[in-house]
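Chemist: Structure for the following, please:
(4 chains)
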Amino acid sequence: MSPPVLEKTFQASDPVLQDTETFEVNLGPQHPSTHGVFRMNVKLEGETIVSLKPVMGYLHRNHEQIAENMSYLGSMPYTDRLDYFNSMSNNFGYALAVERLAKIDVPERAQYVRVIMAELTRLVNHVSVIGFLLNDLGAFFTPVLYAFREREKILDVFEEVAGSRMMCNYLRFGGVKRDLTPAVTERIKKIVRGFPKFLDEFEGLLTRNEILCIRCQKVGVLPYDLAVNAGITGPMARASGVNYDLRKVDRYSIYDRFKFKIPLGKIGDVYDRYLVRILEMRESLKILEQALKEIPAGPVMNPKFAALAKAPRNFKPPKGEAYGRVEAPKGELGFYLVSDGTAQPWRYHVRAPSLINLTVLEDLCLGHKVADAVIILGSIDIVLGELDH
Amino acid sequence: MTLNQNLSTVESGLKSELRKKGIVIATLEDFYNWGRRSSIWPLQFGLACCAIEMIATACARYDLARFGAELFRASPRQADLMIISGTVTKKMAPQVVRLYNQMPEPKYVITMGACSIAGGPFIDGTNVLKGIDRYIPVDVHLPGCPPRPEALLWGITELQRKIDGQEIEKNEWYQRGLKREFPIPEFGPKGLIPKFNPDVWRPETASRRRERYGDPILLGKKTAAPKFETFGDPNVKVGTV
Amino acid sequence: MNPAEIKTKLESEFPGIPIQIVGEGLLLGPEDLVRVARFLKESGEFKMNYLSSITAVDYLEHLESVYHLYSVDQRTGPVVLRVRVPRDNPRIPSLVHLFRSAEFQEREAYDMMGIRYEGHPDLRRIFMWEGFEGYPLRKDYLPENEDVLEWDDVEWLERHGVTVPAEYKQYAQDLKAAGKEARAERPKPGAEAV
Amino acid sequence: MLGVLRGMGITLKNFLASYVLPRRPDSLETGGIVTVQYPEERLPEKENFRNFPFLVFDGTVDNIRCVSCDICAKECPPKCIYIVRDTDSEGKPLKRPKVFDIDFTVCMNCGICEEACPFDAIFMDHEFEIGGPERQKSLVYHRDDLLKSTAHFQKIRPTDFAAIEERRKKDAEKKAAAQATVQAAAQPKPQTPPSPQP
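Modeler: Residues are numbered from 1 along each chain as shown, chains lettered A, B, ... in the order given. Reported below is the predicted structural model:
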């Protein structure tokens, strides 16, 4: 970008310059506050934003192109790398789409294991996002340290169960890869029991903090109509009062068995988004408690498809199309698959919540100061791997 | 210069003999290297998945600060280590090279994760650069997808070992005619121009992967599209599932 | 509601509209897309006010754009709409003025498949850079071969003071003389494909 | 003002509690996790942790389990495995690999090779201290670098090892029984390898 050229030079006789000129600032792609390699072209009038154009693609890894040349199971580890905070829920969405395509049933215990893992992932995501949001606000690293301390505990569980801290590759079509051992179940129970204490502490640190309130309240207000029209999903939409949670709407997997509430915001500002995430974590803990209590014994893999999981090249779903969507922590994560009856999908499309939630970034930022753009972006909760797929 | 190679003029046997007697001798070089390796300032620069593990490494449990490298600088002008953590895409590669050029000497590069080394699992992607060492030299390659935080710590100790072997007289950044700024690639109609910098990297003569599967792996046999009219049951109930 | 019922509803609303049931979706002509989408969004019966996903699919003979519509208020859906356009001149009216969520997804489909959404306020490439040629998700797209230098690269490198080894230079010159581009190869016939 | 002070109080409490709480890097207490002093101290290894693959041999190095059937190479999502079947002096293919290379610069630790292998020959290792200055020389692992004994496998993953050994024993018994019946019935057929190397 060429530097802005000032047309008239400042003269000593000039009165104090009241009329500032519009100038462009380039935030990113290497910028500590953009959560990765994301770029914003911001036009400023003084410090007020008059136009903001997001520029993405700096992490476009041709996920769809690669998946269309690969066996169905081969794409499973790649979905981990979409939204790398939440590999389990990405797995869940993809497995759901393929199971719908090939009409595979999932045994009871596996459903429970999936729900447990998906909700643990939600905890991981929300807690880290709040940490990063505070980082953007200027609370340098203390909330992130606390958040990552809790995250590590859950990652230990993932590592023990799935084999990797972040890239779990755990779900299989028709079940999950490995059963939960009693030791792991105990560990998860302990984490679930201890988590509310941490949340109380975290909230004590943040929720009533005056600086946080002043910086976040009435900033980046997203009205209900715009949220629906722009296809905003996840905690961001619910902060604006859109009562649309796929766990309640689609009732996929076994979410209809659990009692939990959907927290809704009233105003739709950054503070509401923060609160909705905190409340959602508490609801997730409720689901986890119920699931851990009710989890039945039994197989974790549909015996008909257990052998197919070992030979992905022989897995050829019938011709057809399927659109599977789950409530990922960031919003509605959808997978659109077209099968032509061979071992590779003909079309594989990801409906990435990060990308579509970003549509309203400009609307939210207009009229705010440039420092607010950073926290608005932080509250939208983007992950570049998913945004750019 | 290989790792672990101590080029100090005092014999290491003599040194340890003296140390037993309570005499610690150190050359100026030792001090110099000790200072340098104990305060590596990395660039705060995350690209993809590995960046999260990099943050985890800096957090309480793994605590990068124990190695004197916790001070992540957001500006390349203040950093001397670049941890390339994640996939470098072609759209991002010019910026990475530019950041490298802006870093002051001495500068080191760790490629963290398979993607930044050679494209990793995304090697078949059109927009994925097959290894950042096509444009800039790399000191330590750290494979894994992503490497554990401990692996990153190990990589940093490996880099420290490399720094230990440096000699003031022979340091590259004090030499005349040193070329450590590399031309920044540009966007072309098909990809980056140039595709690689032959000063830094040369392709292998034969790639077994390409011979066998083609490059990239493409739908070798698929030529006919599925006919949608013939499949799918029209009576399928569309509604909430 | 199954596709057949939606089809009859739409036919009674717009007499003479060509609609065909394909799979789980309704195949429309490009010219009917906007009015059907508006009707689905605004009629009290459907209230499909949430456009979840737009996908483009390459079927070799034609390109297809697939829309998944849901209703947030009634919690129903999806209604799947399809529009087919020829490969050489793919033009579909844009839905951005009805659904803001189409904004980035249409740009994505344009970037990856080359479908031009007419009426889109800002139809640029979203992931690849401006000036990139070709559409990477089309089935006939071949990426460049990244291990050989072409003449453009050689010229560029020499302009920037890098000496190019003679054999690379020779190869690039030969390529240019033959009028070829260094594209990726499909696997050899004997080799195993995936 | 009150909220800020309260937050500071919590930070102080955390700071003080770090001296009181049981100090373990894998503690489950709120705020109980402390730093693992990595090169000296290590986190308890998770049995299922997967990093890079290795090849198993029974007893001696010659006795590789891998029969070079090429299944893992085909199933590998990023195609980082390269196998060439060994031949004897007359050029007859043998049931073991001559070349077995894994490109660690492409491998993504997904573990699909381990799942797909029908001969229990390839498993995921726990070793993560891998790296080097040269990507081709130090990061493409060849057959001899990858070979590790069953004892190593037993050490890192005792549960899986026990299950797999039991299954292998049963399979061997079944096979022996089947062979016995076949031998009793007629001349044994020469076995064909599962899939010939292209």
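Chemist: Now do the contacts for residue 143.
Modeler: Picked chain A for this. A:Ile130, A:Gly131, A:Leu134, A:Asn135, A:Phe202, A:Leu205, A:Leu206 (C-beta atoms under 8 Å, 6 or more residues apart in numbering or on different chains). Every C-beta, even on glycine, is put in place using the N, C-alpha and C of the backbone.
Chemist: that's the other chain; I wanted chain C
Modeler: B:Thr126, B:Lys190, B:Gly191, B:Pro216, C:Pro136, C:Arg183, C:Ala184.
Chemist: So the third one sits against C:Glu144, correct?
Modeler: Yes: applying C-beta atoms under 8 Å as the test, B:Gly191 and C:Glu144 come out as touching, 4.9 Å apart.
Chemist: and these two? which has more neighbours close in?
Modeler: Each of B:Gly191 and C:Glu144 has its neighbours counted (other C-beta atoms under 10 Å in any protein chain shown); B:Gly191 has more, 22 against 19.
Chemist: For that one, report the pLDDT, please.
Modeler: At B:Gly191, the pLDDT value in this model is 84.
Chemist: Kindly report the same for C:Pro189.
Modeler: At C:Pro189, pLDDT is 54.
Chemist: Make a ChimeraX selection of the buried ones in the contacts of C:Pro143.
Modeler: In ChimeraX, this line selects whichever of the contacts of C:Pro143 come out buried by 16 or more other C-beta atoms under 10 Å in any protein chain shown:
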select /B:126,190,191,216 /C:136,184
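Chemist: could you dump the contacts of C:Pro143 to TSV with secondary structure and distance to B:Pro106?
Modeler: Below are the contacts of C:Pro143 laid out as TSV (DSSP: H, G, I helix; E, B strand; the rest coil; distance: C-beta to C-beta, whole Å):
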residue	secondary structure	distance to B:Pro106
B:Thr126	coil	35
B:Lys190	coil	36
B:Gly191	coil	32
B:Pro216	coil	37
C:Pro136	coil	39
C:Arg183	strand	40
C:Ala184	coil	38
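Chemist: And for D:Lys74, the neighbour number?
Modeler: 19.
Chemist: ok, now A:Gly138?
Modeler: Other residues within reach of A:Gly138, judged by other C-beta under 10 Å, total 11.
Chemist: Kindly report the same for the one 4 residues further on.
Modeler: The number of residues packed near A:Thr142 is 16, by other C-beta under 10 Å.
Chemist: got a list of what it touches?
Modeler: By C-beta under 8 Å, 6+ apart, the residues touching A:Thr142 are A:Leu134, A:Leu205, D:Thr11.
Chemist: how about a cut-off of 10 Å?
Modeler: A:Thr142 makes contacts with A:Gly131, A:Leu134, A:Asn135, A:Leu205, D:Gly7, D:Ile10, D:Thr11, D:Asn14, as judged by C-beta atoms under 10 Å, 6 or more residues apart in numbering or on different chains.
Chemist: contacts with chain B among these, please.
Modeler: The residues of the contacts of A:Thr142 that also fall near chain B, by C-beta under 10 Å from any C-beta of the partner chain, are A:Gly131, A:Asn135.
Chemist: so which of the contacts of A:Thr142 is the most crowded?
Modeler: Counting neighbours by other C-beta under 10 Å, the top entry in the contacts of A:Thr142 is A:Leu134, with 28 neighbours.
Chemist: so who does that residue touch?
Modeler: Neighbouring residues of A:Leu134 by C-beta under 10 Å, 6+ apart: A:140-144, A:146-147, A:202, A:205-206, A:209, A:211-212, A:215-216, A:274, A:375, A:378.
Chemist: residues shared between the contacts of B:Gly191 and C:Glu144?
Modeler: Common neighbours of B:Gly191 and C:Glu144 (C-beta under 10 Å, 6+ apart) are B:Thr126, C:Glu150.
Chemist: Need the phi and psi values for the residue in chain A that chain C sits nearest to.
Modeler: Proximity of chain A to chain C (C-beta to the nearest C-beta) peaks at A:Gly231, 2.6 Å away. In terms of degrees, to the nearest 10, the main-chain angles of A:Gly231 are phi 70, psi 30.
Chemist: for B:Ile123, same thing?
Modeler: Dihedral pair for B:Ile123: phi -60, psi -20, per degrees, to the nearest 10.
Chemist: Kindly provide the distance from it to chain C.
Modeler: B:Ile123 is 10 Å from chain C, where distance means C-beta to the nearest C-beta, to the nearest Å.
Chemist: Could I get the full set of helices for chain D?
Modeler: Ranges of helices within chain D are D:2-20, D:71-75, D:112-116, D:135-139, D:143-146, D:150-156, D:158-185, based on DSSP state H.
Chemist: which residue sits closest to A:Leu364, ignoring its sequence neighbours?
Modeler: Leaving aside its chain neighbours, A:Leu364 sits nearest to A:Gly220 (4.1 Å; criterion: C-beta to C-beta, 6 or more residues apart in numbering or on different chains).
Chemist: As PDB, could you dump the C-alpha coordinates of the longest helix seen in chain B?
Modeler: Determined from DSSP H, the single longest helix within chain B is helix B:149-164. Taking C-alpha atoms only, helix B:149-164 is exported to PDB below (Å, rounded to 0.1, in the frame of the first residue of the first chain):
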ATOM      1  CA  PRO B 149       4.400 -27.500  22.700                       C
ATOM      2  CA  GLU B 150       7.300 -29.600  24.100                       C
ATOM      3  CA  ALA B 151       8.500 -30.100  20.500                       C
ATOM      4  CA  LEU B 152       8.600 -26.400  20.000                       C
ATOM      5  CA  LEU B 153      10.600 -26.000  23.200                       C
ATOM      6  CA  TRP B 154      12.900 -28.700  21.900                       C
ATOM      7  CA  GLY B 155      13.200 -26.800  18.600                       C
ATOM      8  CA  ILE B 156      14.200 -23.700  20.500                       C
ATOM      9  CA  THR B 157      16.800 -25.500  22.500                       C
ATOM     10  CA  GLU B 158      18.000 -26.900  19.100                       C
ATOM     11  CA  LEU B 159      18.300 -23.300  17.900                       C
ATOM     12  CA  GLN B 160      20.100 -22.400  21.100                       C
ATOM     13  CA  ARG B 161      22.600 -25.100  20.400                       C
ATOM     14  CA  LYS B 162      23.200 -23.700  17.000                       C
ATOM     15  CA  ILE B 163      23.700 -20.200  18.400                       C
ATOM     16  CA  ASP B 164      26.200 -21.700  20.800                       C
END
